[in-house]
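Asker: after the sequence you'll find the predicted model.
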Amino acid sequence: MMPPPNALDDGQYARLLAVRVGVRRFLRWSEERAAEVGLTATQHQLLLAIRGHDDSRGPTIGELADYLCTRHHSTVQLIDRVEQLGLVARNRGEGKDRRVVRLKLTSAGKGKLALLSATHLEELRRLAPLINALVESAAVLETP
């Protein structure tokens, strides 16, 4: 029986496994750090999406839904919960933009995100060899 075209070899499967395990461990570690400051992983991701957005007015709910890979109504529910925690604020546009709602972090939201971001950057530095392996694996997988 012929192997399928572009079949992977044992080493490529081992590298894919190592990368996936590393990514899952990082995500689990990240969930634990968020829980330590009273957030879920998704709430942490929301704060990061707001802060990392490139428009100084803040992201719209639709943009946040795209960042979080969720539906609009799920994003609204998440925002409601995080707003109740005092971490985000909604801002309505002015004039014809009145229907557009944009989000900003409050001081408390900025503080929690700064704390989490510092520990995440430390962990990513520690994981640099894994990240490099991911890049190398992707390059190896693309070669015919």
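Answerer: Structure's in. What do you need?

Asker: CA atoms for contacts and neighbours, from now on please.
Answerer: OK.

Asker: which positions within stretch 40-58 qualify as buried?
Answerer: 40-41, 43-51, 53, 58 (16 or more other Cα atoms under 10 Å).

Asker: tell me the one of those residues nearest residue 78?
Answerer: residue 43 (7.2 Å; Cα to Cα).

Asker: gap between the strand or helix carrying residue 50 and the chain center?
Answerer: Using DSSP states H and E, residue 50 sits within helix 41-52. Helix 41-52 sits 7 Å away from the centroid of its parent chain (Cα atoms, centre = their mean, to the nearest Å).

Asker: got the contact list for that helix?
Answerer: With Cα atoms under 8 Å, 6 or more residues apart in numbering as the test, helix 41-52 has contacts from 30-31, 34-35, 58-59, 64, 67-68, 78, 82, 88, 103-105, 109, 113.

Asker: only whichever of those are buried, select them in ChimeraX.
Answerer: The following ChimeraX line selects those of the contacts of helix 41-52 that are buried, judged by 16+ other Cα under 10 Å:
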select :30,31,34,58,59,64,67,68,82,88,103,104,105,109,113
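
Asker: among the contacts of helix 41-52, which lie within helices?
Answerer: 30-31, 34-35, 64, 67-68, 78, 82, 109, 113 (DSSP state H).

Asker: between these, which is closest to residue 96?
Answerer: Looking at the ones in helices among the contacts of helix 41-52 and their distance to residue 96, the nearest is residue 64, at 21.3 Å (Cα to Cα).
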